[in-house]
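>>> When you get a sec, could you give me coordinates for this:
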Amino acid sequence: MATTIDISKLSVEERLKLMEELWDSLAPTIDAMPISAELAEELDRRAEEMDRDGSPGIPWEDALQQIRSRKR
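Predicted structure coming up:
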């Protein structure tokens, strides 16, 4: 019998922990999860673009700052 959890009674910290545990539980099966042909093509395109560019991207802090500055 499955256990029912009223997530509205959990604290934010407890809900985040639950999300983390759910996400981690998917890790062993991630390769078995089907993706559409369109998504596979897009992922391949992005990987190729990243390989051509050679840039590792920008630091997380810079990306976050750019996102926050767009909302203003």
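>>> Using the three-state scheme, assign Gly57.
When states are read from DSSP: H, G, I helix; E, B strand; the rest coil, the local structure at Gly57 comes out as coil.
>>> who touches it in this structure?
When the contact criterion is CB atoms under 8 Å, 6 or more residues apart in numbering, the partners of Gly57 are Ala63. Backbone N, C-alpha and C define where each C-beta goes, glycine included.
>>> Distance check, it against Arg68.
Distance, Gly57 to Arg68, by CB to CB, to the nearest Å: 17 Å.
>>> do you know how far Gly57 is from Asp44?
Using CB to CB, Gly57 is found at 18 Å from Asp44.
>>> Count the residues that sit near Arg15.
Burial of Arg15 is recorded as 14 neighbouring residues (other CB atoms under 10 Å).
>>> Can I get the helix or strand harbouring it in PDB, CA atoms only?
Following DSSP states H and E, one finds Arg15 within helix 12-26. Included here for helix 12-26 are C-alpha records, laid out as PDB according to Å, rounded to 0.1, in the frame of the first residue of the first chain:
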ATOM      1  CA  VAL A  12      10.000  24.400   2.200                       C
ATOM      2  CA  GLU A  13      13.100  22.600   3.300                       C
ATOM      3  CA  GLU A  14      11.300  19.200   3.600                       C
ATOM      4  CA  ARG A  15       9.700  19.700   0.100                       C
ATOM      5  CA  LEU A  16      13.000  20.500  -1.400                       C
ATOM      6  CA  LYS A  17      14.500  17.300   0.200                       C
ATOM      7  CA  LEU A  18      11.600  15.300  -1.200                       C
ATOM      8  CA  MET A  19      12.100  16.700  -4.600                       C
ATOM      9  CA  GLU A  20      15.800  15.800  -4.400                       C
ATOM     10  CA  GLU A  21      15.000  12.300  -3.300                       C
ATOM     11  CA  LEU A  22      12.500  11.900  -6.200                       C
ATOM     12  CA  TRP A  23      15.000  13.300  -8.700                       C
ATOM     13  CA  ASP A  24      17.800  11.000  -7.400                       C
ATOM     14  CA  SER A  25      15.500   8.000  -7.700                       C
ATOM     15  CA  LEU A  26      15.200   8.600 -11.400                       C
END
